[in-house]
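Student: got a predicted structure plus its sequence, pasted below:
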Amino acid sequence: MTTIARAAARAAGVLLVFSVTLTATLAYTYYLAQPNIKSNEQDVRRKLVAQTLPEASFNNDLLSNQLSLSPDTLLGTDKPSLAWQARLNNVPVAVVLEATAPDGYSGKIELLIGINTDGKLTGVRVVSHKETPGLGDYIETAKSKWIYNFNGKSNSQPDDNGWKVKKDGGQFDYMAGATITPRAVIKAVHHALQYVNKHHATLFANQPGVKA
């Protein structure tokens with residue numbers, strides 16, 4: 001083997017050892033960080049879920065009262081989703097659902113929707129979306145109060161005709177030049193109310209955790 005070949009082989013060996021060592025170090029660091037990452041994710045989710053419910057309206061750990069829901073067109077889901085049952089002194093008082101508005105302007109809009117035992121909305125929050133900046137801002141609580149318009153609404157208040165933007169003859173405001181986003185969210189929330197009405201007994205059962 002020539003001197004050049006030996007030098008190249010030596011350099012390749014050093015690079016291989018370095019790569020293996022770096023990969024192992026990163027993997028070990030990720031492994032050590034996993035518990036903190038999962039804990040932080042749980043805290044973020046817990047806070048976001050709780051935002052859909054009135055303060056002090058429940059006193060259980062929502063994430064410990066979790067239900068697994070089968071895919072359903074009323075929720076806009078094509079795979080299993082989750083719901084959380086809110087309890088006050090161990091009595092079911094509300095449920096928070098994962099739902100999807102599949103027909104946003106730029107794709108799916110992921111939602112959390114809180115509904116109490118009377119079928120009234122306690123809150124709606126957008127978890128994620130890809131709507132155009134500016135046009136989709138008003139579905140975010142940090143940029144607009146629009147999403148609070150759902151509070152107190154129900155499957156019958158307003159009636160089916162009211163569950164539209166005002167441009168379409170409904171009761172909900174919208175931003176001029178941007179009706180696709182609110183239409184998608186309004187329809188998704190209305191469908192979620194219909195889902196709860198259909199599965200009320202299961203969602204508010206004293207033994208959460210079963211599939212609806």
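Tutor: That came through fine. Computed from a prediction, not measured in an experiment: that's the story for all the values here.

Student: buried stuff in the helix or strand hosting T202?
Tutor: Assignment of secondary structure by DSSP states H and E places T202 within helix 200-203. By neighbour count, with 16 or more other CB atoms under 10 Å as the criterion, the buried positions of helix 200-203 are T202, L203. C-beta coordinates here come from the backbone N, C-alpha and C atoms, glycine included.

Student: kindly report the same for stretch 136-153.
Tutor: In terms of neighbour count (16+ other CB under 10 Å), stretch 136-153 has its buried residues at G136, D137, Y138, I139, W146, I147, F150, K153.

Student: what mean pLDDT does the strand ranked longest in the chain have?
Tutor: The strand that spans the most residues within the chain, counting by DSSP state E, is strand 91-104. Mean pLDDT, strand 91-104: 94.

Student: and what of stretch 49-67?
Tutor: Per-residue confidence for stretch 49-67 averages out to 89 on the pLDDT scale.

Student: related to what we said a few turns ago, other SSEs contacting the helix or strand that comes right after the longest strand of the chain?
Tutor: Using DSSP H and E, the helix or strand that follows strand 91-104 in sequence is strand 107-116. When contacts are defined as 3 or more CB pairs under 8 Å, 6 or more residues apart in numbering; DSSP states H and E, strand 107-116 sits against strand 91-104, strand 121-128, helix 180-198.

Student: tilt between the shortest one and helix 180-198?
Tutor: Which is strand 121-128. Relative orientation of strand 121-128 versus helix 180-198 (axes from the mean of the first three to the mean of the last three CA atoms, to 10 degrees): 130 degrees.

Student: circling back: okay, the helices and strands packed on strand 107-116 in TSV with mean neighbour count next?
Tutor: Conversion of those to TSV gives the following (neighbours: other CB atoms under 10 Å):
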stretch	mean neighbour count
strand 91-104	22
strand 121-128	20
helix 180-198	22
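
Student: as JSON lines, the ones you listed with distance to T77 would be great.
Tutor: Formatted as JSON lines, the entries for those read as follows, by distance: least, CB to CB, whole Å:
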{"stretch": "strand 91-104", "distance to T77": "6"}
{"stretch": "strand 121-128", "distance to T77": "13"}
{"stretch": "helix 180-198", "distance to T77": "10"}
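
Student: E55: which of those is closest?
Tutor: Each of the helices and strands packed on strand 107-116 has some distance to E55 by CB to CB; the shortest is strand 121-128, at 10.6 Å.

Student: what packs against that closest one?
Tutor: Using 3+ CB pairs under 8 Å, 6+ apart as the contact criterion, the elements in contact with strand 121-128 are strand 107-116, helix 180-198.

Student: hmm, back to that, so which of the helices and strands packed on strand 107-116 gets nearest L67?
Tutor: L67 lies closest, by CB to CB, to one member of the helices and strands packed on strand 107-116: strand 91-104, at 7.7 Å.

Student: tell me what the closest one is packed against?
Tutor: Strand 91-104 makes packing contacts with strand 66-69, strand 81-88, strand 107-116, helix 180-198 when contacts are defined by 3+ CB pairs under 8 Å, 6+ apart.
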